[in-house]
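Novice: Kindly generate the corresponding structure for this input.
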Amino acid sequence: MAAERPHVVLAPDAFKGTLDATEVAVALRDGVLAAAPEARVTSRAMADGGEGTLDALVASWQSAVRTVETVDAIGRPTAARWTVSPDGLIGVVELAEASGLPRVSDEPLQPLHASTRGTGDVAAAVLDAGVHEVLVCLGGSASTDGGAGILTGLGARLLDGEGQVVPDGGEGLARAAAIDLSGLHPRARDVRWRLAVDVTNPLLGEHGAAAVFAPQKGAGPGEVA
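Specialist: Next up, the predicted model:
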């Protein structure tokens, strides 16, 4: 009796800084078929909530990629992609699309001034599409602003003790005393928000977000503190 054809399933994440998940899958597939030409190969791009999550969902859903004009983490004009599930209920925002490190790799990192405001613009576009749920894929950001920029991109204002708007970025948060939500996107409170993330770090402390992730965004010991 003839031997059954082997079935190989390839489900890679991206190789950070080198290949995205789809490119990894293609390279693995070529290797498998070189060693076992008779094999049946199934490829599915995977992601952990960081860069590539949008692409993995688009590939799985076969959904259309949409774009919106926004700004990168240091305020320069850019375009960011997003998508909606086939049933129109879930909108997907990938933080790295507008506010990611690769977008600002041509400039010195600005950990205290970089902002996620551009991701707020993307989220606003998703809300305008009429979704019932927004999935925000966290990971790969160039900013340490705690997501404050997303709020401002959705129309909120962060104010200091004198009622003045604080600057974008993590440094501005030290002056924040209040949040004005009067201009918040009218649908922001009506949808379910979900965050896709693969870490469990607390906000503060030795293993907190600042200590662990701010150095990746260019922060030295003083800036982390």
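
Novice: Distance of Val136 relative to Leu158?
Specialist: 19 Å (CB to CB, to the nearest Å). All C-beta spots, glycine's among them, are computed from the backbone N, C-alpha and C.

Novice: quick one: average confidence on stretch 59-71?
Specialist: Averaged over stretch 59-71, pLDDT sits at 95.

Novice: my bad, stretch 148-155
Specialist: The pLDDT scores in stretch 148-155 average 96.

Novice: for the protein, what's the longest helix?
Specialist: As assigned by DSSP state H, the longest helix anywhere in the chain is helix 21-35.

Novice: So which elements touch it?
Specialist: Contacts defined by 3 or more CB pairs under 8 Å, 6 or more residues apart in numbering; DSSP states H and E place helix 21-35 against strand 7-10, strand 40-43, helix 53-61.

Novice: Please identify the deepest-packed of the ones you listed.
Specialist: Ranked by mean neighbour count, the helices and strands packed on helix 21-35 are led by helix 53-61 with a mean of 19 (mean count of other CB atoms under 10 Å).

Novice: Can you name the residues in contact with that one?
Specialist: With contact meaning CB atoms under 8 Å, 6 or more residues apart in numbering, helix 53-61 is reached by 20-22, 44-47, 63, 65, 81-83, 85-86, 92, 94, 97, 137, 139, 196.

Novice: Apply the buried test to these and list what passes.
Specialist: Among the contacts of helix 53-61, those classed as buried by neighbour count (16 or more other CB atoms under 10 Å) are 20-22, 45-47, 63, 81-83, 85, 92, 94, 97, 137, 139, 196.

Novice: returning to that earlier point: need the helices and strands packed on helix 21-35 in a markdown table (columns: distance to Asp30).
Specialist: Putting the helices and strands packed on helix 21-35 into a markdown table (distance: least, CB to CB, whole Å) gives the following:
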| stretch | distance to Asp30 |
| --- | --- |
| strand 7-10 | 11 |
| strand 40-43 | 10 |
| helix 53-61 | 18 |
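
Novice: quick one: the helices in this structure?
Specialist: With helices called from DSSP H, the chain shows them at 21-35, 53-61, 95-99, 117-128, 148-153, 209-213, 221-224.

Novice: residue ranges with poor pLDDT in the chain?
Specialist: 1-3, 17 (pLDDT under 70).

Novice: In terms of residue numbering, what are the domains of this structure?
Specialist: Per the TED database, the structural domains of the chain span 1-46, 47-217.

Novice: In this protein, which residue is most central in space?
Specialist: Leu95 (2.3 Å; CA atoms, centre = their mean).

Novice: for it, what are its contacts?
Specialist: Taking CB under 8 Å, 6+ apart, we find Leu95 in contact with 116, 119, 136-141.

Novice: count of residues packed around Pro186?
Specialist: 9 (other CB atoms under 10 Å).

Novice: Distance check, it against Ala79.
Specialist: 24 Å.

Novice: buried sites along stretch 208-221?
Specialist: So, applying 16+ other CB under 10 Å, buried residues of stretch 208-221: 210-211, 213-214, 217-219.
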